[in-house]
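Student: take a look and give me a structure for this.
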Amino acid sequence: MLVNNAGIGAQGDVAANGDDEWRHVFDVNVLGIARCSAAALPHLRESEHAAIVNTSSVLAVLGVPGRALYSATKGAVLALTLAMAADHVREGIRVNAVAPGLIETAMLKESEARDKIIDLAMAESALKRVGQPEDLANLVAFLASDKAKHITGEIIKIDGGQYI
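Tutor: Residues are numbered from 1 along each chain as shown. Down below sits the predicted model:
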């Protein structure tokens, strides 16, 4: 299995980030997945249980102010996931993506706006809780396992019902 979970954020509207920042965030968030997946393909082709899980974000499908660059890269991850699933399904390689909402990661814990971010998310959350890393890890582990052997080309939101 391969889990593509690396990513970096960016703030601002479409004009807020220069070309170098756009290239850098796309390089990490999108090209990183392409490069890691390409490197893993020879090994995955040899497996009878091959799976790739890409990490996107609910921001890929939402219009959230001040997140143009980040959202664009995470939307590209969704498109890449679907293309990879179509390309490799006949090789027995399943490809899916998770689209997390707010998860209590180190990045959130270190944010100066942590409390404001949580308050905004909780106002819209059906479950009234912040996702924990193990919530996301359990979904990724399921998608990578044989328990999900009939699932490919899917994008699964994990956002506590925030965007239903």
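Student: what residues does Gly161 make contact with?
Tutor: 125-127 (C-beta atoms under 8 Å, 6 or more residues apart in numbering). (Each C-beta comes from the backbone N, C-alpha and C, glycine too.)
Student: any idea whether the closest residue in space to Ser57 that isn't next to it in sequence is helix, strand or coil?
Tutor: Using C-beta to C-beta, 6 or more residues apart in numbering and skipping the chain neighbours, the partner closest in space to Ser57 is Lys74 (4.1 Å). Put simply, Lys74 is helix when judged by DSSP: H, G, I helix; E, B strand; the rest coil.
Student: kindly report the same for Leu62.
Tutor: Under the three-state scheme (three-state DSSP), Leu62 adopts coil.
Student: low-confidence ranges in the chain?
Tutor: Judged by pLDDT under 70, the chain has its weakly predicted residues at 164.
Student: which residue ranges of it form helices?
Tutor: 19-26, 32-45, 68-88, 106-110, 114-124, 133-144 (DSSP state H).
Student: what is the longest strand of this protein by residue count?
Tutor: In the chain, ranked by residue count with DSSP state E as the criterion, the top strand is strand 94-100.
Student: now for the spatially closest residue to Ala86 that is not a sequence neighbour, how many residues are close by?
Tutor: For Ala86, ignoring the flanking residues on the chain, the nearest one in space by C-beta to C-beta, 6+ apart is Gly153 at 6.9 Å. Residues near Gly153, counting by other C-beta atoms under 10 Å, number 15.
Student: again with Ile117
Tutor: Using other C-beta under 10 Å, Ile117 has 14 other residues around it.
Student: repeat for the one 5 residues further on
Tutor: By other C-beta under 10 Å, the residues close to Met122 number 15.
Student: and it, how far from Gly101?
Tutor: Per C-beta to C-beta, to the nearest Å, Met122 is found 11 Å from Gly101.
Student: next: Ile117.
Tutor: From Ile117 over to Gly101 (counting by C-beta to C-beta), the distance is 11 Å.
Student: appreciated, that's everything.
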